[in-house]
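**Q** sharing a sequence plus its predicted fold:
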Amino acid sequence: MTLLKRIKAYLILFLIAAIISCKSEDSVRMDLSGDWGFKIDSLDKGLNEQWFKTDLTERISLPGSMAENGLGDDITVETKWTGNMWNDSLWYKDPKMKKYREEGNVKVPFWLSPVKVYYGPAWYQKRVNIPESWSNKHINLELERVHWESTVWVDNKKVGLENSLGTAHNYNLSEFLTPGEHTISIRIDNRVKDIDVGLDAHSISDNTQTNWIGIVGNIELTATSNSHIGNVRLYPNVKDKKVLVVAQIKNISESTENYDLELQVKSKTNASEVLDAITKKVKVDAEGKVSIEYPMGENPLLWDEFNANLYEMTLTLKSPSGVDVKNVDFGLREFKGKGTIFTINERPVFLRGTLECAIFPLTGYPPTDTDSWKRIFKIIQNHGLNHMRFHSWCPPEAAFKAADEMGIYLQVEASAWTTIGDGAPIDKWLYKEAEDIINAYGNHPSFVMMAYGNEPSGKNHTEYLRKFVDHFKAFDNRRVYTSGAGWPYIDNLDFYNNSKPRIQGWNQNLNSIINAKPPQTVFDYTDIISKTPMPYVSHEIGQWCVYPNFNEMSKYTGVLKPKNFEIFKETLEENDMLELADSLLLASGKLQTLCYKADIEAALRTKDFAGFQLLDLHDFPGQGTALIGVLDAFWDEKGYVTPEEYSKFCNETVPLARLEKRVFKGNEAFEASVEVAHYGEKPFKNLTPTWTLKNADGSVFKKGDFNKVDIPIGNGISLGKINVSLDEIKKAQKLTLVVQVSGFENTWDVWVYPSQYEKIDKENNLKVVNKLDASTINYLQKGGNVLLNVTKGDIAANKGGDIGVGFSSVFWNTSWTKEQKPHTLGILCNPEHPALANFPTEYHSNWQWWDAMSNSNAIILDELPTTLTPIVRIVDDWFKNRKTALIFEAKIGNGKLIMSGIDLHTNIENRLEAQQLLYSLKKYMVSEQFSPKTELEIQDIKALLVK
């Protein structure tokens with residue numbers, strides 16, 4: 001190498017080193033994640049003792065919670081939870097729960113158990129070295145997600161206090177951090193003090209994410225020029241193809257210098273699309289507010305669920321104190337109410353939503369990375385949903401970014417479920433919390449709806465919320481506002497969020513549509529929404545339970561453990577039914593899915609309805625353990641319904657059939673009126689929908705086409721009627737109606753029973769009774785065959801008579817609803833059992849079981865031999881796990897008995913399902929297959945009956 005080349009090489013290395021050194025010196029961000037000093041302040045004496053002046057020698061890793069670091073207290077009977085107990089408080093005195101209150105074996109059934117709990121203040125401390133290049137800079141400390149109240153000191157000087165639950169805590173440290181070494185001390189307190197958002201608010205409750213304590217997400221210092229860009233709001237104007245930019249220029253030197261503000265937009269969807277930059281001379285006033293209109297070109301890309309088109313605006317501020325740059329993502333969209341529906345960019349939209357209740361079993365707090373949220377949103381999209389409501393909390397920014405990219409509509413709430421309007425500090429705090437949320441996340445196009453929080457209380461809450469809504473409609477008009485999720489109705493709302501349009505309401509018990517009326521798909525909610533002159537979104541529909549999935553217990557590898565599941569599993573094992581766990585899950589899951597299908601289709605049938613919000617697509621493991629999801633708490637499938645199956649009845653386009661009934665005689669005609677709800681990107685043109693009636697084996701019974709049709713965007717769009725003679729059906733069977741519209745398919749099961757029954761040979765060899773009288777007992781003991789079907793109410797209370805049997809699944813759970821009916825989760829049977837040969841069934845409840853479940857008693861077999869296997873089980877509530885039956889068989893003396901908790905005699909001439917089931921049982925009982933294996937005494941049967 002020549003000398004000249006060597007010199008050039010050394011110069012290059014020198015320059016590279018200088019650049020690296022300069023880059024390090026001029027870095028505008030300092031990551032504070034990692035090792036911090038720490039001290040628990042359980043006696044709350046750190047303030048008086050000025051711990052910010054001392055070195056905290058214990059260590060903790062941030063970002064993270066105390067529980068993640070293995071810090072805090074173990075759960076005991078004395079643990080003071082953040083959450084109301086309702087009926088869960090029985091745990092403290094229930095003798096059956098005594099062993100779960102013992103030291104070393106504390107297990108609570110009402111929510112997941114944190115590995116560690118701590119409520120109170122804790123202190124965090126870190127030494128930082130501020131570079132010379134940060135001199136005379138604006139220095140900000142960002143704590144992305146803090147739970148809950150933070151107070152910051154630099155060295156010995158207090159900086160301030162922040163207590164937002166929904167947004168980052170930001171501290172201006174400019175006057176405290178000069179070049180050199182400094183100590184930052186942070187005191188965090190997760191107690192509910194003067195700001196009471198409600199013990200069950202999902203922003204803080206142990207019901208959901210846990211009342212964790214710590215800092216997660218970004219923890220960093222940033223240095224910018226003294227004159228810098230503060231909050232930026234971008235107001236899209238779809239009609240005029242413009243964006244109004246409202247920016248705040250912060251000038252901590254308080255000068256009135258002239259600034260240059262440059263704006264430029266580029267598409268994040270189409271990398272080649274870069275719009276022209278515009279530069280404005282701006283003069284900062286006392287408020288520092290600047291408004292500029294930015295043209296978006298002739299053909300801007302709009303944002304919606306089908307086209308998640310995003311833009312990035314770069315704002316560059318040039319001032320005598322330096323240059324500051326800020327990038328803001330946004331979408332061009334207009335989401336508003338139009339009559340009783342919503343529109344997105346003037347196209348009708350139907351919200352198909354679920355809740356996110358801050359359920360994060362591994363961490364106990366929400367994720368702050370976009371990939372985690374993209375996974376969740378992809379899962380809900382796969383199930384046909386386009387919307388998510390955040391129940392009484394606001395997610396981190398990563399959720400908004402993911403929703404923006406995936407086209408999900410979000411309803412965000414100001415972190416509360418509480419009493420408001422009575423003058424308590426919460427009233428003022430909620431305004432600041434909501435404003436902070438809007439300022440932090442308001443540019444995200446996915447942020448389309450907002451409420452104060454959930455289900456408010458307080459004698460003055462209506463008037464408070466009227467003013468709250470007026471304030472925020474004026475504060476920021478980029479979304480629609482309601483009062484509270486659930487209530488109240490006020491005439492100044494943009495939309496109403498209420499629970500009346502659903503098929504099971506709180507405390508309806510067995511008087512709900514699904515339990516009180518025979519199966520049909522005609523009803524809708526037109527009468528309800530017609531009284532409300534604004535978009536109406538149904539609140540928390542569903543809440544249908546399923547039996548626990550014990551297979552998921554191994555997934556709980558983080559800070560929350562499924563001790564509640566352990567209790568349920570242990571009680572099932574104690575009752576000698578552990579081998580049935582998977583079957584109980586699958587059978588109850590099929591019924592749960594059927595209930596959700598009925599709920600969702602009723603909403604889709606309602607003309608000009610605005611949408612629904614499920615509670616929930618995934619499980620809610622708190623409030624008594626509410627296993628109401630077809631997915632588990634990790635958003636994973638449980639094995640009884642796939643996204644493809646679910647999205648047949650929940651999607652942008654859903655065929656709908658109005659059926660007056662679901663059970664027919666063979667001499668009747670099958671009739672259905674068919675329509676479609678279509679909320680796709682575009683109308684369908686020149687389309688021919690089809691229908692097929694299929695036999696149980698999948699073969700075609702009948703099929704046909706509807707007339708060719710154009711289908712606009714909306715619902716209640718008629719496709720035609722189906723009328724099919726059933727005369728040729730001579731044997732009981734299930735048929736399935738399949739309707740297809742442009743690749744979208746939906747199905748409905750119906751049952752056809754013969755109009756004439758074949759004569760049963762040797763029918764005289766059995767006795768059908770509804771009372772166990774002396775002659776029946778004598779007949780049995782002498783070798784007779786008896787079918788005992790009791791009248792509803794004839795089973796003793798402690799033998800099942802006090803169990804509320806209904807067709808639907810349990811609503812929410814029996815603990816938190818204080819034993820609201822039904823108490824059961826459907827049936828479980830072997831469909832191949834010969835007793836059911838003439839009553840076609842799956843292993844689980846379907847609509848042909850509605851009559852039986854509506855006219856039955858549960859029968860508890862716990863005290864009878866374990867060999868007694870019911871022909872038809874009832875799936876019991878998982879808190880009790882009793883061996884419950886609808887139908888069982890046994891030997892009694894020399895005779896044979898089938899006992900049915902189903903009434904097969906009252907008004908049977910008007911009950912087709914009861915007629916068919918009775919026929920099937922009788923035919924079995926006269927056959928050689930009727931050979932019960934378990935022997936009982938007649939006293940065993942008497943003990944089941946009311947004396």
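**A** Perfect, thanks for sending it. Residues are numbered from 1 along each chain as shown.

**Q** for Met66, give me its contacts.
**A** Contacts for Met66 (CB atoms under 8 Å, 6 or more residues apart in numbering) come out as Ile40, Ile60, Gly72, Lys116, Tyr118, Ala122, Trp212, Ile213, Gly214. C-beta: built from backbone N, CA, C; applies to glycine.

**Q** any idea how far the fifth one is from His387?
**A** According to CB to CB, to the nearest Å, Tyr118 stands 36 Å off from His387.

**Q** and the second one, by the same measure?
**A** According to CB to CB, Ile60 stands 38 Å off from His387.

**Q** over to the third one?
**A** With the distance defined as CB to CB, Gly72 ends up 36 Å from His387.

**Q** where does the residue nearest to Arg101 when sequence neighbours are not counted land in three-state SS?
**A** Distances taken as CB to CB, 6 or more residues apart in numbering place Val77 nearest to Arg101, at 5.1 Å, with adjacent residues excluded. Following DSSP: H, G, I helix; E, B strand; the rest coil, Val77 is assigned to coil.

**Q** what's across from Val154 in the sheet?
**A** Lys157, Ile184 (DSSP bridges).

**Q** so how many other residues sit close to it?
**A** 21 (other CB atoms under 10 Å).

**Q** next: Thr625.
**A** 29.

**Q** how close does the nearest residue to Cys650 once chain neighbours are set aside get to Lys880?
**A** The shortest distance from Cys650 to any non-neighbouring residue, by CB to CB, 6+ apart, is to Gly384 (3.8 Å). From Gly384 over to Lys880 the distance is 35 Å, taken as CB to CB.

**Q** just want to know which of these two has more residues nearby.
**A** Gly384 (20 against 17).

**Q** for Glu848, give me its contacts.
**A** One correction, residue 848 is Gln, not Glu. Going by CB under 8 Å, 6+ apart, the list of residues near Gln848 reads Arg662, Val663, Lys734, Trp751, Phe839, Pro840, Thr841, Glu913.

**Q** for the helix or strand where Gln740 lies, packing partners?
**A** Per DSSP states H and E: Gln740 is located in strand 733-741. Applying 3 or more CB pairs under 8 Å, 6 or more residues apart in numbering; DSSP states H and E, one finds that strand 733-741 contacts strand 653-658, strand 669-678, strand 690-695, strand 714-725, strand 744-753.

**Q** partner strands of the helix or strand just after the last one, parallel or antiparallel?
**A** Just to be clear, that refers to strand 744-753. As assigned by DSSP H and E, the chain's next helix or strand after strand 744-753 is strand 766-769. Paired strands of strand 766-769, with direction, are strand 785-789 (parallel) (DSSP bridges).

**Q** which SSE is immediately downstream of the partner strand?
**A** strand 824-829.

**Q** neighbouring contacts of that next one?
**A** So strand 824-829 is in contact with 545-547, 580, 583-584, 587-588, 590-592, 803-807, 809-810, 836, 841, 843-845, 849, 853, 858, 870-877, 884, 886, going by CB under 8 Å, 6+ apart.

**Q** just the buried ones among those, please.
**A** Buried by 16 or more other CB atoms under 10 Å: 545-547, 580, 583-584, 587-588, 590-592, 803-807, 809-810, 836, 841, 844-845, 849, 853, 858, 870-877, 884, 886, out of those.

**Q** sorry, back to before: relative to Gly83, how far out is the residue nearest to Arg101?
**A** With CB to CB as the criterion, Val77 and Gly83 are 16 Å apart.

**Q** the two: who's more crowded?
**A** Gly83 (21 against 12).

**Q** about what we covered before: phi, psi for the residue nearest to Cys650 please.
**A** phi 90, psi 10 (degrees, to the nearest 10).

**Q** and what of Lys283?
**A** According to degrees, to the nearest 10, Lys283 has phi -120, psi 130.

**Q** from Val323, how far off is the closest residue to it other than its chain neighbours?
**A** Distances taken as CB to CB, 6+ apart place Asn258 nearest to Lys283, at 5.7 Å, with adjacent residues excluded. Plainly put, Asn258 is 15 Å away from Val323 if you go by CB to CB.

**Q** just Lys374 next, same as before
**A** 33 Å.

**Q** compare the two (neighbour count), which wins?
**A** Counted by other CB under 10 Å, Lys374 and Val323 do not tie: Lys374 has more neighbours, with 18 against 14.

**Q** the more buried one contacts Gly407, doesn't it?
**A** No: under the criterion of CB atoms under 8 Å, Lys374 makes no contact with Gly407, lying 11.6 Å away.

**Q** quick check: bridge partners of Gly337?
**A** Beta-bridge partners, per DSSP bridges, of Gly337: Phe342.

**Q** list the contacts for it?
**A** Thr343, Val480, Asp494, Phe495, Met534, Pro535, Ala610.

**Q** ok, the fifth one to Ala414 distance?
**A** With the distance defined as CB to CB, Met534 ends up 21 Å from Ala414.

**Q** those two: which has the busier surroundings?
**A** More crowded of Met534 and Ala414, by other CB under 10 Å: Ala414, with 30 against 21.

**Q** tell me which element that one falls in.
**A** strand 409-416.

**Q** swap in Tyr596?
**A** helix 581-605.

**Q** could you do Lys374 as well?
**A** helix 370-382.

**Q** isn't Asp710 right up against Lys682?
**A** No: the pair formed by Asp710 and Lys682 falls short of the contact definition of CB under 8 Å, at 11.3 Å.

**Q** run through the neighbouring helices and strands of the host helix or strand of Ile426.
**A** Using DSSP H and E, Ile426 sits in helix 425-441. Where contact means 3+ CB pairs under 8 Å, 6+ apart, helix 425-441 is packed against helix 397-406, strand 409-416, strand 447-453, helix 461-475.

**Q** of the ones you listed, which approaches Asp369 most closely?
**A** With CB to CB as the criterion, Asp369 lies closest to helix 397-406 of these, at 5.5 Å.

**Q** and the angle for that closest one with strand 447-453?
**A** Interaxial angle, helix 397-406 versus strand 447-453 (axes from the mean of the first three to the mean of the last three CA atoms, to 10 degrees): 140 degrees.

**Q** what sits against Ser176?
**A** Careful, residue 176 is Phe; it's not Ser. Per CB under 8 Å, 6+ apart, neighbours of Phe176: Val154, Asp155, Lys157, Val159, His182.

**Q** buried members of these into PyMOL, please.
**A** Entered in PyMOL, the line below selects the buried ones among the contacts of Phe176, by 16+ other CB under 10 Å:
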select buried, resi 154+159+182
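
**Q** and the nearest residue to Asn575 once chain neighbours are set aside, what does it touch?
**A** Take Asn575 and drop its neighbours on the chain: the residue closest to it by CB to CB, 6+ apart is Asn881, 5.2 Å away. Counting by CB under 8 Å, 6+ apart, Asn881 makes contact with Phe568, Thr571, Leu572, Glu574, Asn575, Met577.
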